[in-house]
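[1] Using only what follows, build the 3D model:
(4 chains)
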Number of protein chains: 4
Amino acid sequence: MLEKLKEEVYKANMDLPKYGLVTFTWGNVSGIDRESGLFVIKPSGVDYDLLTPDDMVVVDLNGNKVEGKYNPSSDTATHVELYKAFPNIGGVVHTHSSWATSWAQAGRAIPCYGTTHADYIYGEVPCARCLEGKEFEEYEKNTGLLIVDLFKDKDYEAVPAVLCKNHGPFAWGKDAHEAVHNAVVLEEVAKMASRCELINPQVKPAPQDLQDKHYFRKHGANAYYGQGNK
Amino acid sequence: MLEKLKEEVYKANMDLPKYGLVTFTWGNVSGIDRESGLFVIKPSGVDYDLLTPDDMVVVDLNGNKVEGKYNPSSDTATHVELYKAFPNIGGVVHTHSSWATSWAQAGRAIPCYGTTHADYIYGEVPCARCLEGKEFEEYEKNTGLLIVDLFKDKDYEAVPAVLCKNHGPFAWGKDAHEAVHNAVVLEEVAKMASRCELINPQVKPAPQDLQDKHYFRKHGANAYYGQGNK
Amino acid sequence: MLEKLKEEVYKANMDLPKYGLVTFTWGNVSGIDRESGLFVIKPSGVDYDLLTPDDMVVVDLNGNKVEGKYNPSSDTATHVELYKAFPNIGGVVHTHSSWATSWAQAGRAIPCYGTTHADYIYGEVPCARCLEGKEFEEYEKNTGLLIVDLFKDKDYEAVPAVLCKNHGPFAWGKDAHEAVHNAVVLEEVAKMASRCELINPQVKPAPQDLQDKHYFRKHGANAYYGQGNK
Amino acid sequence: MLEKLKEEVYKANMDLPKYGLVTFTWGNVSGIDRESGLFVIKPSGVDYDLLTPDDMVVVDLNGNKVEGKYNPSSDTATHVELYKAFPNIGGVVHTHSSWATSWAQAGRAIPCYGTTHADYIYGEVPCARCLEGKEFEEYEKNTGLLIVDLFKDKDYEAVPAVLCKNHGPFAWGKDAHEAVHNAVVLEEVAKMASRCELINPQVKPAPQDLQDKHYFRKHGANAYYGQGNK
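    Just a heads-up that it's a prediction; the model follows:
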């Protein structure tokens, strides 16, 4: 069942340790098959060293396990909400990657200081507030709803990442592979933004026209980066 | 004698260089057999490259060597005091890991800024004061007693790590493996707390209900993280 | 066509991941054959893992592709301007290396704080202003022209690197290999300058006579470093 | 000639890249044969990848090459002065290691903030002033003389490392291997001191009795660390 997607999601999960985004099991990637409305996600708390494509868990958009010998990631309910609200995404990733998590703990959005950021993320990476009170009762679901609420006036395709205060980052993309790619970008951007502010505490975000230029160099009808327009 | 425990303690010691927690021989892990009251610990000053399970030293709870061709770790007396005072722990680790040691040198407890911390350590990681005067005469033993004294009103199972001012961290767990796991968590948490304070010097600890939620998601009767409740 | 140069430029490109200067495809190296006025450059957006010498693209000094199955790097027009304005250089490199890019985002020139810097770069590494308004229409070309304008009263052989505000670094050298060597130096120098300012916020640049001594120890008629004067 | 010493010095040089202390050829280690008054040192500017024991250069205490196909390190004259002034040392190392060099560039001595430092270096790591004016004419020799002058009221065996302002660190030991060991300690200590000051800008050096205890735990007649007193 969904063997090709399991293989893709497995590979995307294995990219997390490859790119230094996870310690132990602190991360999970999923990918969705929009036709069936089922998605495939990493099992909860299983070591990356031992993971196989067969260990991936199939879940429906109510968060119920459809197939798999393991429990799905404890963050499954967050993935569900993102897939339901963002129809054009095909993959979601959550990590505790060190720099992005430091910004999340600091409770600050990451300003766009340069083209590395602007090439992939249009404008700042927003930071969702911390949950409170009764919201903790359905912690993972409400984390998802909070992100969705934060994006009600944002373009989730232009801003494929978010920070959750006191927690860590989520990123997404057209498939599991691109979601992880964006998580790597986010970590690099978070690192350089922090260093940049130490080097110049008065630093301002990059000019808007530079942000526009770099984003549209890679995205949209007039993109000319890479081999796509050969 | 205690061959299985020696193997476990050997493996836990070898995880220190694997996770980047030690330079040279600056770390030691022990594991205890509660039935016999004997524990197994790394020999003092032996290179990790050359270490074998047979090199592990067996020590009793008076700190006397029972078996082994080498001297036990020079920190053995600290391990003794922790095993005597914390009956539910099965493993102890001491390192000079870079970020945790930097906090120890700074003499500050590590605040809980987020869920990475809250998943493993309930509340701040406390910092024991520096020894003074006559306490230096039995340095290692008094380091242990100081930690025990600091925990007289704390739950050592909920807070499995401590900093010793001007020195470095100790961590523990239900066995040697879990003790090292907690030492890795501590290092990651120390790193992100430091970066988080640079990103936002006014940052406050995570709300108490988030700390509660994350800790009890993994610990206690209602835990649902991982495969334990399958 | 230019097979030897393609091999050299390929190797220089592969040194970028080796020295940790690139994430994904965020870098490009070129090398020029001054006799024919043609240069060889990395294709745009191709993974380093998959790159071969045959993938290199041959371009003329009008920026037109002369040979190659791929599009040349999207930064080709910047390389063109540097080759046209700096007649003694044979190689150019652009990266988003983390520390140099952090300085570029901060919009600050990197002061010369010591001999590591002075051995390779005479005086500060300058920072070109951000493009603006209509300049974005020919973004890459104008980036090159801006650098050339900044160097109109500087010695590009004594200062083989530059930062572009809100973007990242360019470096150059007598060939592609030396250009990458200078990019590695720049990254190391950027890292240490940032740390140095945190350790001593009142730090001043190194004395001028030290800068002179170290630069001329390695460069010019009286150089005595290495095996060249054997 | 001095084949065993060449092998030792070769190995000690190769430990520099192993421990991450050098970029390119920015470091050199020497070891002396006190009986003959000859020392063995790395050739100048030769890649670590290509280095062999046979490439090591034999030099006398006047700095003259006695044997070897290459020029000796350009820092040879500094090594000469240290060997002449410090009779009990057998090895010297110079690097541009990142954290120690950042302190040197900042022009600050490294305070002793904890036991990692106190175990190897008694008191702060001093920082020699920058050379000036005519001193630059015999740059490397005068660097050595400046260090020797700085240590005229210090114990070079208790403090086996120094920073040279705007330049970088030198370290030494009873042989080439121990000199490199001390250089690794210095780098780790420099890193943690910097982080420690960021975590607590009001931090004070470790109490004197802790410094005494840790130093004498490993040094002198009553040392009990390691297997020496088995």
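[2] State the distance from A:G45 to chain B.
    According to CB to the nearest CB, to the nearest Å, A:G45 and chain B sit 3 Å apart. Every C-beta, even on glycine, is put in place using the N, C-alpha and C of the backbone.
[3] let me redo that: A:L210
    23 Å.
[4] Where does the closest residue to that residue other than its chain neighbours sit: helix, strand or coil?
    Once flanking residues are discounted, A:L210 sits nearest to C:N166: 5.6 Å by CB to CB, 6 or more residues apart in numbering or on different chains. Taking DSSP: H, G, I helix; E, B strand; the rest coil as the rule, one finds C:N166 in the coil state.
[5] Ok, A:R217 next?
    Strictly by three-state DSSP, A:R217 counts as helix.
[6] The helix or strand hosting A:R195 to helix D:176-199, inter-axis angle?
    Applying DSSP states H and E as the criterion places A:R195 in helix A:176-199. Put simply, helix A:176-199 runs at 80 degrees to helix D:176-199, going by axes from the mean of the first three to the mean of the last three CA atoms, to 10 degrees.
[7] Tell me the buried residues in helix A:176-199?
    Residues A:176-199 are the ones in helix A:176-199 that count as buried (16 or more other CB atoms under 10 Å in any protein chain shown).
[8] so how far is that helix off the chain centroid?
    11 Å (CA atoms, centre = their mean, to the nearest Å).
[9] Give me the mean pLDDT for it.
    For helix A:176-199, mean pLDDT is 98.
[10] so where do the helices sit in chain A?
    Along chain A, counting by DSSP state H, helices occupy A:3-18, A:76-85, A:98-106, A:115-118, A:139-150, A:176-199, A:208-218.
[11] Beta-bridge partners for the residue positioned nearest the centre of chain A, please?
    Nearest residue to the geometric centre of chain A (CA atoms, centre = their mean): A:A171, 1.1 Å. For A:A171, the beta-bridge partners are A:V93, A:A161 (DSSP bridges).
[12] Surely it is in contact with A:E187?
    No - judged on CB atoms under 8 Å, A:A171 makes no contact with A:E187 at a distance of 9.4 Å.
[13] Surely the residue nearest to A:L210 is in contact with A:Q208?
    No - judged on CB under 8 Å, C:N166 makes no contact with A:Q208 at a distance of 11.2 Å.
[14] Who has more neighbours out of those two?
    The residue with more neighbours, out of C:N166 and A:Q208, is C:N166; 29 against 11, by other CB atoms under 10 Å in any protein chain shown.
[15] Spit out the contact partners of the residue nearest to the centre of chain A.
    Residues near A:A171 by CB atoms under 8 Å, 6 or more residues apart in numbering or on different chains: A:V92, A:V93, A:P160, A:A161, A:V162, A:A179, A:V180, A:N182, A:A183, A:L186.
[16] Farthest pair within those residues?
    Greatest spatial distance in the contacts of A:A171: A:V162 and A:V180, 15.4 Å, computed using CB to CB.
[17] which intervals of chain A have sub-threshold pLDDT?
    A:224-230 (pLDDT under 70).
[18] Show me which residues of it are close to chain C?
    A:113-116, A:181, A:184-185, A:188, A:191-193, A:195-200, A:203, A:206-207, A:209-210, A:212-213, A:217, A:224-227, A:229-230 (CB under 8 Å from any CB of the partner chain).
[19] Now A:V57: closest residue in space, sequence neighbours ignored.
    A:V57 sits nearest to A:G68 (CB to CB, 6+ apart), 3.4 Å away.
[20] if I pick that neighbour, what's in contact with it?
    A:P43, A:D55, A:M56, A:V57, A:V58.
[21] wait, which of those is closest to chain C?
    Closest approach between those and chain C, by CB to the nearest CB: A:M56, at 24.4 Å.
[22] you'd agree that closest one is up against A:P43?
    Yes - under the contact definition of CB under 8 Å, A:M56 touches A:P43, with a separation of 7.2 Å.
[23] Have a look at the two and say which one is more surrounded.
    A:M56 (29 against 21).
[24] So the nearest residue to the more buried one once chain neighbours are set aside versus A:K84, what's the distance?
    Spatial nearest neighbour of A:M56, chain neighbours left out: A:K6 (4.3 Å); criterion: CB to CB, 6+ apart. The spacing between A:K6 and A:K84, counted by CB to CB, to the nearest Å, is 21 Å.
[25] picking up where we left off before, among the contacts of A:G68, which ones are in strands?
    Among those, the members found in strands (DSSP state E) are A:V57, A:V58.
[26] Disregarding flanking residues, what is the spatial nearest neighbour of A:L131?
    A:N142 (5.6 Å).
[27] Around A:V9, how many other residues sit close by?
    Here the number of neighbours of A:V9 (other CB under 10 Å) works out to 29.
[28] can you check the one 3 residues further on too?
    Other residues near A:A12 come to 25 when the count uses other CB under 10 Å.
[29] before we move on, what about A:A109?
    The tally of other residues near A:A109 (other CB under 10 Å) stands at 15.
[30] For it, list the residues it contacts.
    A:E124, A:V125, A:P126, A:C127, A:L163.
[31] Just to check, the last one is in contact with A:A100?
    Read that as A:L163. Yes - here A:L163 lies in contact with A:A100, judged by CB under 8 Å, at a distance of 6.5 Å.
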